[in-house]
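> Predicted coordinates and the sequence they were generated for:
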2 protein chains.
Amino acid sequence: METNRTDFAGWMQARQRDIEAVLEAILPDPGRSPARLHEAMRYAVLGGGKRVRPLLAYAAGEAARAERARVDRVAAAVELVHAYSLVHDDLPCMDDDVLRRGRPTCHVAYDEATALLAGDALQSLAFDVLAGQALCVNPAEQVEMIALLACAIGSRGMAGGQAIDLASTGQELSLPELENMHIHKTGELIRASVVLGARCGDCDGGSAAALDRFARCAGLAFQVVDDVLDAESDSETLGKTAGKDARQNKATYVSIMGAAQARRFAEDLRVDALQALLPFGAEAARLRELIDFIVLRRH
Amino acid sequence: METNRTDFAGWMQARQRDIEAVLEAILPDPGRSPARLHEAMRYAVLGGGKRVRPLLAYAAGEAARAERARVDRVAAAVELVHAYSLVHDDLPCMDDDVLRRGRPTCHVAYDEATALLAGDALQSLAFDVLAGQALCVNPAEQVEMIALLACAIGSRGMAGGQAIDLASTGQELSLPELENMHIHKTGELIRASVVLGARCGDCDGGSAAALDRFARCAGLAFQVVDDVLDAESDSETLGKTAGKDARQNKATYVSIMGAAQARRFAEDLRVDALQALLPFGAEAARLRELIDFIVLRRH
């Protein structure tokens, strides 16, 4: 077990280095015009973050024995989308936040207009990355993968979840309403990370369905743990403003069910996620380790 | 000539009706959650605008004898991108504008956060539309078309042009600098509209290059005329705030070369655009009429 854990930590660090290098190469050269926009895009993406979505894409790619160079692109695309959503989410008209990944948020480091455009351009870049080179043997499948990401992050996915979140601030939410918000706001992109990673390789219908179930549990567990950490940690540990949910009077798993119950719920989701992986053998080892990491993390 | 002009007016109205119906069907149902976001997306897209980009896509599609249903999707995608860019461009941190297409801008009619998310979701929807169904016989070509749009609207395209525009406000610009801004800010999407419309049909390398040259002239001519109209028209005629460029101390073709010279430049571009179409026969009639419309319009 100890060996495995060390092994996983090494794997995670290696993949985090990989995705950093891939993103570094994909992001526009800060020396090229418009330089300030390119700098802001790089600032928003590079040098921080746990890279949970790329890690999920890499782990799912391994489970489907996918070619690494292809998974690199999928992993980059989902992280670019995640970074864009954080930049826009931090803007004054949204969460109005000043701290992210231990540094000033993008609009504080640059300005609001540049942050807005950086987010916009990061979204376009994600699609450029997915469409710019072959991702699978069959181009028709690549088109499907692009549609899957577009759908996951649009008004019925991530952006929709942010809108539900906005509408919910200061409202009493039931548990199903809270769950619905998170399934959209964070769950859809996490699900896309897993599914797209797997689709870079060989993945039959049964395996795809199992991975999809895993991803749904992982996405929700990630959010439940996020709520617990926001309530129980300090800003320094988190690298972002802690205690924000309570101050903004936002419904969270902690506000609805209490921290202890929320931790138990995350543990149940972890068990469900592992169960979804039962049809897989050793090739899904990283996915198993990742769900442990997501649920047991401290920041 | 008179017959032709009536004919063109009829064609234009028919295509404007077509694209309205296509967009109406593509945009999310306002009754579905998140309703406010869906309403804002529809508000930003439907019921207004000259639909110049869809008209160019349709005309280029006719020149390449493309299947109408395919061009519908391309035309919708470029208009969704255009609408998203207007919503974000009008936000307080950008142009801070209150009037668009004769109505309150999206963030005035709704709120800033909703307008931000509506723009974000419209961009995703554009890619969903391009990837959601077959656009050409060869899916590899469809992937290329998606990459072309992503590139045209990213940091080296439309979003980059907006960043250059931001950086230029209050600055003296040379004519080449002004041209560089517009080639990115409006030119790249107009070019994509023509090229994507043509790629829905049969278009060999020579024809593609000719259409690309046409599109570059048309995009620049569109902007030159826009500058003239902004300087010479009133808000009611334009349906958007007139005289804004001068008040914001923005460099324009009118501020650099004067209105008369700017009109002559637009006319030169029209002649160049028509020359680019010389290899084509009657199938390019709508493109020829469209460049006349773009240069000779009064709003």
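That came through, no problem.
> can we go C-alpha only for contacts and neighbour counts from here?
Will do.
> Let me see the ranges of the strands in the stretch 1-150 of chain A.
For the stretch 1-150 of chain A, the strands defined by DSSP state E, counting those that start in this stretch occupy A:99-100, A:103-104.
> For the strand or helix carrying A:V254, enumerate the helices and strands it packs against.
Element membership for A:V254 (DSSP states H and E) is helix A:253-257. Applying 3 or more C-alpha pairs under 8 Å, 6 or more residues apart in numbering or on different chains; DSSP states H and E, one finds that helix A:253-257 contacts helix A:175-182, helix A:205-232, helix A:259-276.
> what comes up buried for the shortest one?
Residues of helix A:175-182 classed as buried under the neighbour-count rule (16 or more other C-alpha atoms under 10 Å in any protein chain shown) are A:L178, A:E179, A:N180, A:M181, A:H182.
> Please identify which of these is nearest to A:A76.
A:A76 lies nearest to A:H182 out of the buried residues of helix A:175-182, by C-alpha to C-alpha, at 22.3 Å.
> Tell me how far that closest one lies from chain B.
In this view, A:H182 and chain B are 13 Å apart by C-alpha to the nearest C-alpha, to the nearest Å.
> show me the contacts for that residue.
A:H182 makes contact with A:G161, A:L220, A:Q223, according to C-alpha atoms under 8 Å, 6 or more residues apart in numbering or on different chains.
> quick one: the helix or strand containing A:C151 to helix B:139-153, angle?
For A:C151, the enclosing helix or strand under DSSP H and E is helix A:139-153. Angle, helix A:139-153 to helix B:139-153, by axes from the mean of the first three to the mean of the last three C-alpha atoms, to 10 degrees: 40 degrees.
> low pLDDT regions in chain A?
Within chain A, the stretches with pLDDT under 70 are A:1-6, A:235-243.
> how about stretch A:225-236: buried residues?
Here stretch A:225-236 shows A:V225, A:D226, A:D227, A:V228, A:L229, A:D230, A:A231, A:S235 as buried, counting by 16+ other C-alpha under 10 Å.
> right, I mislabeled it, should have said stretch A:276-285
Neighbour counts using 16+ other C-alpha under 10 Å place A:A276, A:L277, A:A284, A:A285 of stretch A:276-285 among the buried residues.
> I figured the third one hits A:A59, correct?
Yes: using C-alpha atoms under 8 Å, A:A284 makes contact with A:A59 at a distance of 7.2 Å.
> if you compare the strands of the stretch 1-150 of chain A, which one is most tucked away?
Of all the strands of the stretch 1-150 of chain A, strand A:99-100 has the most neighbours on average by mean count of other C-alpha atoms under 10 Å in any protein chain shown, namely a mean of 19.
> in its sheet, what does that one sit against?
Here strand A:99-100 is paired, per DSSP bridges, with strand A:103-104 (antiparallel).
> And for A:L173, the neighbour number?
Around A:L173 there are 17 other residues, counting by other C-alpha atoms under 10 Å in any protein chain shown.
> Please enumerate the helices of the stretch 1-150 of chain A.
In the stretch 1-150 of chain A, the helices defined using DSSP state H, counting those that start in this stretch lie at A:2-26, A:35-45, A:52-63, A:68-90, A:106-109, A:112-132, A:139-153.
> Can you name the residues that contact the residue nearest the centre of chain A?
Nearest to the mean C-alpha position of chain A, by C-alpha atoms, centre = their mean, lies A:R53 at 4.0 Å. Taking C-alpha under 8 Å, 6+ apart, we find A:R53 in contact with A:A75, A:V78, A:E79, A:L189, A:I190, A:S193, A:V194.
> And those residues, which two are furthest apart?
The most widely separated members of the contacts of A:R53, counting by C-alpha to C-alpha, are A:E79 and A:V194 (12.4 Å).
> before we move on, the earlier item: nearest to chain B, of the contacts of A:H182?
Chain B has its nearest neighbour among the contacts of A:H182 in A:G161, at 8.0 Å by C-alpha to the nearest C-alpha.
> Which residue, neighbours along the chain excluded, lies closest to the closest one?
In this structure, A:G161 finds its nearest non-sequential neighbour in A:K185, 3.8 Å apart by C-alpha to C-alpha, 6 or more residues apart in numbering or on different chains.
> so that neighbour touches A:G157, yeah?
Yes: if you go by C-alpha under 8 Å, A:K185 and A:G157 touch, sitting 6.7 Å apart.
> Which of those two has more residues huddled nearby?
It is A:K185, of A:K185 and A:G157, that has more neighbours when counted by other C-alpha under 10 Å, with 26 against 23.
> Looks to me like the more buried one is in a helix.
Yes: assessed with DSSP: H, G, I helix; E, B strand; the rest coil, A:K185 lies in a helix.
> residues contacting it?
A:G157, A:M158, A:A159, A:G160, A:G161, A:Q162, A:D165.
> quick one, phi/psi of the last one?
For A:D165, the backbone dihedrals (degrees, to the nearest 10) come out as phi -60, psi -50.
> before we move on, the earlier item: so A:E79 and A:V194 - more neighbours on which side?
A:V194 (31 against 25).
> ok, the residue nearest to the more buried one when sequence neighbours are not counted to A:V224 distance?
Counting by C-alpha to C-alpha, 6+ apart, A:V194 lies nearest to A:A57, which is 4.9 Å off, once chain neighbours are set aside. Applying C-alpha to C-alpha, to the nearest Å, the value for A:A57 to A:V224 is 21 Å.
> quick one, which of these two is more surrounded?
In this view A:A57 and A:V224 are compared by other C-alpha under 10 Å, and A:A57 has more residues nearby, 30 against 26.
> A:R216: neighbouring residues, count only.
A:R216: 21 surrounding residues under other C-alpha under 10 Å.
> next one: A:R65
18.
> and what of the one 3 residues further on?
As a burial measure, the neighbour count of A:R68 was computed by other C-alpha under 10 Å and equals 14.
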